[in-house]
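> Next come a sequence and a model predicted from it.
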Amino acid sequence: MSAKIPATFYYDIVSPFAYLYIKQRQRLEKKLEITPVPILLGGLLRAAENKGPGEVAAKRPHTYQFCVWQAEKLGIPFRLPEHHPFMTVAPQRLLVEKNADWSMLERAFDYVWVEGKDPNLSWSEFCLYLGLPADTAKPDCPEVKAQLINNTNQAKSAGAFGVPALIVHQHCFWGVDTIDWVLDYLARPGMFEEASYAYAGSIPNGLIP
């Protein structure tokens, strides 16, 4: 059996699309060895001069209702939190500090998108949900803070501009709807060298003189 191909998955638990993605990751795990890396979505969006859909008034109802529909179609439990978006600095730092594996990060996502809760409002309960002591402190050490920033910068350098983002062979696949694209790429690894893809990746911007 051939060795699995390494891949990096950048995530923030504030993203419902990242939640829906990880619930389908088994579709990729036969071929990929995926390393999950927590980042700060807000920082990545600012660096990419981008905005999350929850920050755009016209996109908010469409985004949340689409997530409800998609979860229904996929048979994935889904419950919107009491408010959204919310700050994820503390929970993402905690996931960095604990070097969260798939099991822990999935529980973190479940707390938000199955239980429908903001970890900042019930920190002790959130920690217990992750299998940690209730008195676990919010991470405040410089090393953890720096690592989360480094992870976010690493995501930007890898070509990510939002989450979920999967990096395979230096190609960034963004969004919950790119799982099939990743599978096609793995079956056709020369895809991005084909003329149509090469042109699509370098087409000039008609709005720039």
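Cool, got the structure.
> contacts, neighbours, all on C-alpha from now
OK.
> What degree of burial does the residue nearest to residue 156 when sequence neighbours are not counted show, as a neighbour count?
Leaving out its chain neighbours, the residue that sits closest to residue 156 by Cα to Cα, 6 or more residues apart in numbering is residue 44, at 6.5 Å. Other residues near residue 44 come to 23 when the count uses other Cα atoms under 10 Å.
> Assign residue 44 to helix, strand or coil.
Classification of residue 44 using DSSP: H, G, I helix; E, B strand; the rest coil returns helix.
> ok, now residue 150?
Under three-state DSSP, residue 150 comes out as helix.
> can you give me the strands for the chain?
Assigned by DSSP state E, the strands in the chain fall at 5-11, 32-38, 165-168, 171-174.
> Report the angle between the first one and strand 32-38.
Taking axes from the mean of the first three to the mean of the last three Cα atoms, to 10 degrees, one finds strand 5-11 and strand 32-38 inclined to each other by 30 degrees.
> Which strands or helices does strand 5-11 pack on?
Here strand 5-11 touches strand 32-38, strand 165-168, going by 3 or more Cα pairs under 8 Å, 6 or more residues apart in numbering; DSSP states H and E.
> Just checking: what are the partner strands of the shortest one?
Okay, so that is strand 165-168. Counting by DSSP bridges, the strands paired with strand 165-168 are strand 5-11 (antiparallel), strand 171-174 (antiparallel).
> can you pull the alpha-carbon coordinates of it into PDB?
Provided in PDB are the C-alpha atoms of strand 165-168 (Å, rounded to 0.1, in the frame of the first residue of the first chain):
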ATOM      1  CA  ALA A 165      -8.300  25.400   4.000                       C
ATOM      2  CA  LEU A 166      -6.400  22.200   3.000                       C
ATOM      3  CA  ILE A 167      -2.900  22.500   1.600                       C
ATOM      4  CA  VAL A 168      -1.800  19.600  -0.600                       C
END
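> neighbouring contacts of that strand?
Among residues not part of strand 165-168, those counted as contacts by Cα atoms under 8 Å, 6 or more residues apart in numbering are 5, 6, 7, 8, 9, 10, 11, 158, 172, 173, 174, 175.
> pLDDT of that strand, averaged?
On average, the pLDDT along strand 165-168 is 98.
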